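Q: Starting from these lines, generate the structure:
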Amino acid sequence: MSKIAFIGAGNMNRAIIIGLINSGVTASDIIVSNPSPDKRLALAKEFGVKQTADNIEAAKISEYIILGVKPHFMVEVCQQLAATIDISKKCFISVAAGITIAQLQQALGEKLPVVRTMPNTPSQLGLGVSGLYPSAQVNSEQKAFADQLMKAVGIVKWLDNESDIDHITAISGSGPAYFFLFMEAMSDEAKRLGFSEQDARQLVQQTALGAAQMVAENDSSISQLRENVTSKGGTTQAALKSFTDGGLPQLVSKSMQAAISRAKEMAQDN
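A: Numbers count the residues shown, from 1 in each chain. The predicted structure is shown next:
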């Protein structure tokens, strides 16, 4: 793997760096830039990667540039790189929501190879999901690199259309927070039932972990797994009927569509 520059030292770039190191990538082949020192120095100390406060310095020595800054800073960062160094032989990989390939290429000043990817926070554990979409300029070697990069932190799904990035954002990009909210509600109710905060968390997290593992290790459909634990006239059926009567399936659909709409709005804002 060629030298890799991470522009930004936020949670997602950190997760990818951890995944790369754990998969055997040499730390000295990675450089991370960030204007504030704390996060980049922590990465350098913990994993041995190179670090700098200067985006230009990081990008200049690297063939692949991972753009992990906030969406509203993305255009400025790209314009700065294009105006300062020769970027004609570099490949850019964006992990930002709401910034299209066309917008990135416009900011870079030419139609360079760009891969959009939408990973999620479980990437920090190597359990992530990443949707990827390449620009027409991305060659097979660059696509293979992006594939290897994101497989270091989880599973990879190459998308047929760039608009599908918004869809995978609503499913897996934002998805962990949906489960956290549900787990939080269960934990709060457990505490109201008299369990300590520690016990409530342990009960909920182990239940969620076990349910997810059953899905992962079972070829049955998710609906079949649900039916398997729902005895007619039993407690589970009573709870599920309350969810359904309350419109949970429709609410989930509405919420995911809201995430898609917001992703499209972000692209228009940029």
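
Q: C-alpha only now, for contacts and for neighbours.
A: Fine.

Q: any chance you could map the helices in the stretch 51-200 of the chain?
A: Here the stretch 51-200 of the chain has its helices, by DSSP state H, counting those that start in this stretch, at 55-60, 71-84, 101-108, 140-151, 164-168, 175-192, 197-216.

Q: Tell me which of those helices approaches N13 most closely.
A: Among those, helix 140-151 comes nearest to N13, with 10.9 Å by C-alpha to C-alpha.

Q: CA atoms of that closest one as CSV?
A: The C-alpha trace of helix 140-151 is given here as CSV (Å, rounded to 0.1, in the frame of the first residue of the first chain):
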residue,chain,number,x,y,z
SER,A,140,-8.7,-0.7,-11.0
GLU,A,141,-5.7,-0.3,-8.8
GLN,A,142,-7.2,2.7,-7.0
LYS,A,143,-10.5,0.9,-6.6
ALA,A,144,-8.7,-2.1,-5.1
PHE,A,145,-6.9,0.2,-2.7
ALA,A,146,-10.2,1.8,-1.6
ASP,A,147,-11.7,-1.7,-1.2
GLN,A,148,-8.7,-2.9,0.9
LEU,A,149,-8.8,0.4,3.0
MET,A,150,-12.4,0.0,4.0
LYS,A,151,-12.3,-3.7,4.5
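
Q: Can you list the buried residues in that helix?
A: 142-143, 145-147, 149-151 (16 or more other C-alpha atoms under 10 Å).

Q: which residue sits farthest out from the middle of this structure?
A: Residue farthest from the centre of the chain, counting by C-alpha atoms, centre = their mean, is G233 at 40.4 Å.

Q: Kindly indicate whether that residue is helix, strand or coil.
A: At G233 the chain is in coil, as set by DSSP: H, G, I helix; E, B strand; the rest coil.

Q: List the contacts of it.
A: For G233, no residue meets the contact criterion (C-alpha atoms under 8 Å, 6 or more residues apart in numbering).

Q: Hmm, S94 is touching L67, no?
A: Yes. Counting by C-alpha atoms under 8 Å, L67 is a contact partner of S94 at 4.7 Å.

Q: mind checking the longest helix of the protein?
A: helix 248-269 (DSSP state H).

Q: Tell me the buried residues in that helix?
A: Quick answer for helix 248-269 (16+ other C-alpha under 10 Å): 256-257, 259-260, 262-264.

Q: Go through those residues and name the one nearest R201.
A: The closest of those, once distances to R201 are taken by C-alpha to C-alpha, is M256, at 26.1 Å.

Q: And the closest one, what's its pLDDT?
A: M256 is assigned 96 on the pLDDT scale.

Q: Quick check: the gap between the residue nearest to it when sequence neighbours are not counted and V114.
A: Excluding its sequence neighbours, the residue lying closest to M256 (C-alpha to C-alpha, 6 or more residues apart in numbering) is A170, at 5.2 Å. Distance of A170 to V114, given as C-alpha to C-alpha, to the nearest Å: 22 Å.

Q: The two: who's more crowded?
A: Neighbour count, other C-alpha atoms under 10 Å: between A170 and V114, V114 has more, with 27 against 21.
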